[in-house]
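Enquirer: Sequence below, structure please.
(chains A, B, C and D)
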Number of protein chains: 2
Amino acid sequence: MAVRLKDIARDLGVSLITVSKALRGMGDISEETRQRVLKRMAELNYRPNMLARGLASGKTYIVGLIVPDLLHPFFAEFAKSLNGVLRRHNYGLILASAEEDPKIEQQEIRTVLARGVDALLIASCQPTLHGFYGVEDQRTPFILIDRDFPHLSAHFVGTDDYAAGLIATRHLLSTGKRRIAHIAGPDLAPGADRLRGYKDALAEQGISVRKQYIISNARVEEIGEDVGCQGMRKLLQRKPRPDAVFCYNDLTAIGAIHAALEVGLSIPRDIAFVGCGNVRYSGYLRIPLSSIDQSTGLLGEQAGKLALELINNRATAAKHIRLKPTLVVRASSVVSDLPIQAAVDGKSGVKSQVKTAKKSNPRINAKK
Amino acid sequence: MAVRLKDIARDLGVSLITVSKALRGMGDISEETRQRVLKRMAELNYRPNMLARGLASGKTYIVGLIVPDLLHPFFAEFAKSLNGVLRRHNYGLILASAEEDPKIEQQEIRTVLARGVDALLIASCQPTLHGFYGVEDQRTPFILIDRDFPHLSAHFVGTDDYAAGLIATRHLLSTGKRRIAHIAGPDLAPGADRLRGYKDALAEQGISVRKQYIISNARVEEIGEDVGCQGMRKLLQRKPRPDAVFCYNDLTAIGAIHAALEVGLSIPRDIAFVGCGNVRYSGYLRIPLSSIDQSTGLLGEQAGKLALELINNRATAAKHIRLKPTLVVRASSVVSDLPIQAAVDGKSGVKSQVKTAKKSNPRINAKK
DNA sequence: TGAGAGTACGTTAGCGCTAACGAAGTATGC
DNA sequence: GCATACTTCGTTAGCGCTAACGTACTCTCA
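Expert: Prediction:
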């Protein structure tokens, strides 16, 4: 059996509550007693029973995180970063991967809440908003991640996806491309915002948006390589053929590039690509991929800090944190005169990825 | 406030314990009463308080997982798969990423244990075995993941790393290469086993192991692209130059390939590469990477099942589960006569990856 | 018919901890 | 010298649930 407060109290000849107070650093204990207690605790390798503490105090020091897919680099990095913040504040993390299934998401939310988490972070994969199964009514603070539900006045931490679309498309325009296509994501907040950004960037240059250049994936479950590949095959049949593609994420971009190479196109000369997400291997791909970096680690930190804040100050008006993304340019969108190995090593390779991710200081829009 | 058993009992005019029994499906309740109780529970949206249940019963229905780095695709996939198994059995997952730091690992083990998990899975990053800080003495069953500590007679789930080294090296030998180098991993079980496999495969062909062809990374903290790149630069200075390299993992392979391209070598003609881990993008890299697949998803499942087994039957002799890895051949190790785009599309590209790693991998050429 | 067995439900006593208040002892002020 | 305040420690009463046993009540069968 594990050592309990009671054991230490008996051992030291003081009352249980004195030991508890010493442990928690409460004021009305003499410094001498506290040291005596702490010393004995260390000797006996005492570990407070967090279940009992949680039951008695109503605080579990656990935060729940529900993501659509832990394997997705974005969520993995987010979770890692969040875990770091929480650990530094002695909070634990209960994690659930919903397998892109709203039913499972619902189940996970239920069970995670039953465990009495102090806060809940949800990157939802719900197609339409049916509310969060009672989370809103609960006293447990909850934060939406990555994907906002504007109708719900909830806390939110995510990327400025409109800016992502804008920046990516502007970049392609700046390289002289004019027939820019878009392989869109699901018809949820991030996808819709990136699409808006894409359209507005075109409008800025007086270029009309052509429907035939937009591949919709409104109802696709998993936006991966095959979606990009199939989308690209359709785009290749358009007349005139697009000369650039802004892809919803890096996975679709990889698939799209694959389809373009398949028919012997030269990248970026014939057709250029920009992805979104800047996943780890983007710089090492066959065609190193230009991408929009979401500073995911920073998102995790911000989300963690917000969660802790909400836990400590019960009532706060809904906070929206949107980080500005940054562009990482690589060979998929910019012609390089250098031999290929130099191109990879130099400006467009990993080095610049690190540089950008470190240096870029995304501004935080704290609406309200 | 959440609904409690007491509320339902009062509401229905029965005793609290009757409600509890109905909830848990215990035998000595009439079917009629049970239905009445369950119906009311559903109406009131009752959720059992898992903290209280855990405190009273000693079972939390939570499993803890501690990994060195959640961002590493292996651990992300493992965690995801484990989460799936646990969810199907109504278990939750507390996850901690130790940031490759033994100190943090120790801290995480302490706090996770304090939360009263029913089982603990540890993929340790300890450089040497100092024991698991009292986990062994605890009644909490624990399972070592990926990396075994043979001295400890603990449960283990991981890859047959010796086979991985053997298979990878045999493959390179089968393509006619004879001067095969190895960029090794840290001097822990997986790294040491892969090295042994490498050596034995050479011995099988009567080829003597040359020290100058083995790059040791015994004390390197993070085995990533940089390590591979630097290791390769050293290997390039050896005389005669190696004509193939088996790399500890895919990340080092990516770095190594980078260094080889840098000096204008042709892959795989001048020098061939095999990695290990078969991460998601291996098939999309500049030089699609031959790799050893660890069937990580299956490992997660096996580990989850073992954990549940241990939770239910207290005492079991130490169980060792080692899955045999498989080889996925791509263009980094096999010459292809086809033009590059066809090579990627065809035999050496994505297809073989799909074939081997069925579940989570992109099925890009759906040309069936 | 009444002891034994079975069924359905309830009572009691915690799990290990904390919140809120209470009770000593010591110091301070006028 | 005695009330007031402060310091230090303890008592009481739970948090919401479960384990283990207790108690009615019914049924069975020699």
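Enquirer: and the residue in chain A that chain B sits nearest to, what pLDDT?
Expert: Of all residues in chain A, A:Glu225 sits closest to chain B, at 3.8 Å by Cβ to the nearest Cβ. C-beta here means a position set from N, CA and C on the backbone, and glycine is covered the same way. With respect to pLDDT, A:Glu225 has a value of 88.
Enquirer: pretty sure it is touching A:Gly255, no?
Expert: Yes - contact between A:Glu225 and A:Gly255 holds when scored by Cβ atoms under 8 Å: they sit 3.6 Å apart.
Enquirer: can you count the residues close to A:Val19?
Expert: 28 (other Cβ atoms under 10 Å in any protein chain shown).
Enquirer: touching DNA strand D at all, the helix or strand encompassing it?
Expert: Using DSSP states H and E, A:Val19 falls within helix A:16-24. Yes - Helix A:16-24 reaches DNA strand D (Cβ under 7 Å from any atom of the strand) through A:16-18, A:21.
Enquirer: Does that helix reach DNA strand C?
Expert: Yes - against DNA strand C, helix A:16-24 shows contacts by Cβ under 7 Å from any atom of the strand at A:16-17, A:20, A:23-24.
Enquirer: out of the residues you listed, which one sits closest to DNA strand D?
Expert: Closest to DNA strand D out of these is A:Ile17 (3.7 Å), distances taken as Cβ to the nearest atom of the strand.
Enquirer: so what's the closest one scoring on pLDDT?
Expert: So A:Ile17 comes in at 92 (pLDDT).
Enquirer: quick one on the thing from earlier: are any of the residues of helix A:16-24 next to DNA strand C buried, and which?
Expert: Buried members of the residues of helix A:16-24 next to DNA strand C, counted by 16 or more other Cβ atoms under 10 Å in any protein chain shown: A:20, A:23.
Enquirer: and stretch A:24-36, how far from the chain's centre?
Expert: Centre-to-centre, stretch A:24-36 and its host chain are 42 Å apart (Cα atoms, centre = their mean, to the nearest Å).
Enquirer: gap between the two ends of it?
Expert: 14 Å (Cα to Cα, to the nearest Å).
Enquirer: Of all the residues in it, which ones are buried?
Expert: A:29, A:34, A:36.
Enquirer: coming back round to it: does the helix holding A:Val19 come close to chain B?
Expert: No - counting by Cβ under 8 Å from any Cβ of the partner chain, no contacts exist between helix A:16-24 and chain B, the nearest distance being 12.1 Å.
Enquirer: how far is that helix from where the chain is centred?
Expert: With Cα atoms, centre = their mean, you get 40 Å for helix A:16-24.
Enquirer: mind listing what A:Ala76 touches?
Expert: A:70, B:70-71, B:73, B:76 (Cβ atoms under 8 Å, 6 or more residues apart in numbering or on different chains).
Enquirer: so what's it closest to, chain neighbours aside?
Expert: Of all residues not flanking A:Ala76 in the chain, B:Ala76 sits nearest, at 4.3 Å (Cβ to Cβ, 6 or more residues apart in numbering or on different chains).
Enquirer: And A:Glu221, by the same measure?
Expert: That would be A:Glu100: by Cβ to Cβ, 6+ apart, it lies 5.8 Å from A:Glu221.
Enquirer: export the residues of helix A:16-24 next to DNA strand D to CSV and tack on distance to B:Phe246?
Expert: Shown next, in CSV, are the residues of helix A:16-24 next to DNA strand D (distance: Cβ to Cβ, whole Å):
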residue, distance to B:Phe246
A:Leu16, 60
A:Ile17, 62
A:Thr18, 62
A:Lys21, 59
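Enquirer: Between all of those residues, which two are separated the most?
Expert: A:Leu16 and A:Lys21 (9.8 Å; Cβ to Cβ).
Enquirer: and the helix or strand hosting A:Glu105, what does it pack onto?
Expert: Element membership for A:Glu105, per DSSP H and E: helix A:102-114. When contacts are defined as 3 or more Cβ pairs under 8 Å, 6 or more residues apart in numbering or on different chains; DSSP states H and E, helix A:102-114 packs onto strand A:62-67, strand A:92-97, strand A:119-122, helix B:73-88.
Enquirer: just the angle between it and helix B:73-88, please?
Expert: If you take axes from the mean of the first three to the mean of the last three Cα atoms, to 10 degrees, helix A:102-114 sits at 80 degrees to helix B:73-88.
Enquirer: With only the CA atoms kept, save stretch A:59-68 in PDB.
Expert: Taking C-alpha atoms only, stretch A:59-68 is exported to PDB below (Å, rounded to 0.1, in the frame of the first residue of the first chain):
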ATOM      1  CA  LYS A  59      -9.800  20.100  -8.600                       C
ATOM      2  CA  THR A  60      -8.100  17.200 -10.500                       C
ATOM      3  CA  TYR A  61      -5.100  19.000 -12.000                       C
ATOM      4  CA  ILE A  62      -5.900  17.300 -15.200                       C
ATOM      5  CA  VAL A  63      -6.800  18.800 -18.600                       C
ATOM      6  CA  GLY A  64      -8.500  16.900 -21.300                       C
ATOM      7  CA  LEU A  65      -7.600  17.100 -25.000                       C
ATOM      8  CA  ILE A  66      -9.700  15.600 -27.700                       C
ATOM      9  CA  VAL A  67      -8.300  15.700 -31.200                       C
ATOM     10  CA  PRO A  68      -9.600  14.200 -34.500                       C
END
